[in-house]
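> next comes the sequence, and after it the predicted model I'd like to discuss.
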Amino acid sequence: DRPVDCLHIKLDLSVDLEKKHVAGTARIDLAALRDVSTITFDAVDLLTDSVSVERSGHAAAPAEYSNDGERITIALAEPLASGQHATVTIEYAVDNPTSGLHFFGPSATEPDVPYVVWSQGESITNRYWFPCFDNPNERQTTELVVTTKRKYQVSSNGRLVSKKEDAAADTVTYHWLQDKPHAA
């Protein structure tokens, strides 16, 4: 069942490698393929802080939602008609996801290994670290904006849009854009 078409996902995240923690926002642009009154995203064990919906010509407004630990379902204040566009913004966090995003670092047996985190969500495990329509037949463009400690580097698919350091906060923010549609 595919009631909406995901057009673009922008993740704006803060990543703490040592604590195995990710927090931030997922901004998901979509178009209704038929009239819909709810939108459901795959989202396993994500802690949801807030959800808002923005429609063409209207400011973003808080939305009613439920999070059952597997999916986030958003009840739209007014149905989205076939062909209409909307942007859903979900503020969320996740600690050490069980799949999709993998943290690796020093341990008692390997105290000198570096901290590393990588994603491997093919084909349906990105739902463990960001809300999405986690199915290989859903294709969209993506942006990844990641803030982490300055000693780390962030690489992603697509092209690097910017890299900004904040010496006072000892952080660096990378902005990557993949402008060719692909699976989540």
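In hand now; what should we look at?
> who does the closest residue to Cys6 other than its chain neighbours form a beta bridge with?
Distances taken as CB to CB, 6 or more residues apart in numbering put Gln140 closest to Cys6, at 4.5 Å, once the chain neighbours are dropped. For every residue, glycine as well, the C-beta is placed using N, CA and C. For Gln140, the beta-bridge partners under DSSP bridges are His182.
> Gln140 - how many residues pack around it?
Taking other CB atoms under 10 Å as the criterion, the count of residues near Gln140 is 19.
> equivalent analysis for Ala167, please.
Under the criterion other CB under 10 Å, the count of neighbours that Ala167 has is 8.
> residue contacts, it?
The contact partners of Ala167, by CB atoms under 8 Å, 6 or more residues apart in numbering, come to Arg150.
> so for it, what's the pLDDT?
As summarised for this prediction, Ala167 has a pLDDT of 97.
> I'd like the distance between it and Arg150.
According to CB to CB, to the nearest Å, Ala167 and Arg150 sit 8 Å apart.
> with Ser56 instead?
Distance of Ser56 to Arg150, given as CB to CB: 39 Å.
> same check, this time on Glu64
39 Å.
> likewise Glu70?
36 Å.
> Thr38 now?
Remark: distance between Thr38 and Arg150 (CB to CB) = 42 Å.
> for Ser162, same thing?
For Ser162, the distance to Arg150 (CB to CB) stands at 15 Å.
> show me the helices in the protein, by range?
Under the criterion DSSP state H, helices are not mapped anywhere in the chain.
> poorly predicted segments of it, please.
Within the chain, no range satisfies pLDDT under 70.
> would you confirm that Ala26 contacts Lys10?
Yes - with the criterion set as CB atoms under 8 Å, Ala26 and Lys10 qualify as a contacting pair; they are 7.5 Å apart.
> higher neighbour count, these two?
Between Ala26 and Lys10, counted using other CB under 10 Å, Ala26 has the larger neighbour count: 23 against 18.
> report the contact partners of the more buried one.
Ala26 makes contact with 9-11, 89-90, 92, 130-132, according to CB under 8 Å, 6+ apart.
> what ranges does the protein have for its strands?
Remark: strands of the chain, listed N- to C-terminal, are 4-16, 21-32, 36-42, 47-55, 61-62, 64-67, 71-80, 85-95, 101-104, 116-119, 139-149, 159-166, 171-183; assignment by DSSP state E.
> burial count for Ala108?
Considering only other CB under 10 Å, Ala108 is surrounded by 5 other residues.
> quick check: it vs Ser155, distance?
To Ser155, Ala108 is 29 Å away according to CB to CB.
> same question for Pro79.
Distance check for Pro79 against Ser155: by CB to CB, it reads 41 Å.
> does Asn96 touch Lys20 like I think?
Yes - checked against CB under 8 Å, the pair Asn96 and Lys20 is within contact range at 3.9 Å.
> shared neighbours, those two?
By the contact definition CB under 8 Å, 6+ apart, Asn96 and Lys20 are jointly contacted by Phe103.
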